[in-house]
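K.L.:
give me the fold of what follows.
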Amino acid sequence: MKLDSLPKEFTPYTQLEIATNKLVDGVALVSVNGFIPVLIGRGDAPEIWVTIPADQQGKEWRPIVSNNTSLLDVITVIAKGKVIEVALADEIVLEVKEITSESAEITKCNLRPFGINVFLEDDCLKVMTNRYSGNTITEAKIFIDVGKG
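P.N.:
Numbering: from 1, shown residues only. Predicted coordinates for the structure are as follows:
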């Protein structure tokens, strides 16, 4: 999905944390070639959408999770109160925990099985070959934008 085609039911958290990074008054942590692989919104618990590249060039993307509902048999979405997990086979690839009604934290993230080089490692967010830690970005729609949109 792209910034200009977000789901109608999506409401962003005021603050989204990953490792020691914070996105305040934004929409998504990462955009790849103009596509948002993970979108996290607020509801009774975190609401998650996941899209992945459908081709090698990353020009076409397809949804695999829509508002906490898996669209593929190999993907499982598990709700544990205010924690939502997305698993591929038996591996948790994404875990989001609501801290308050206005903030959430991504506590696990490994999008590499989907061909997206974004993951958590040693208390920092890694995107491609770059490491991000200790950053606070305010009023930017996207925290990290990779590629052409």
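K.L.:
use CA for all of it now, contacts and neighbours both
P.N.:
Noted.
K.L.:
pretty sure residue 46 contacts residue 82?
P.N.:
Yes. Between residue 46 and residue 82 there is a contact under Cα atoms under 8 Å: 6.8 Å.
K.L.:
who's more crowded, these two?
P.N.:
Set residue 46 next to residue 82 and count neighbours by other Cα atoms under 10 Å: residue 46 wins out with 27 against 16.
K.L.:
for residue 146, which non-adjacent residue is closest in space?
P.N.:
residue 32 (4.8 Å; Cα to Cα, 6 or more residues apart in numbering).
K.L.:
pull the residues that contact whichever strand in the chain runs longest.
P.N.:
The single longest strand within the chain, with elements called by DSSP state E, is strand 91-100. Strand 91-100 has contacts (Cα atoms under 8 Å, 6 or more residues apart in numbering) with 45-46, 82-87, 104-111.
K.L.:
tell me which of the residues you listed is nearest to residue 70?
P.N.:
residue 86 (8.6 Å; Cα to Cα).
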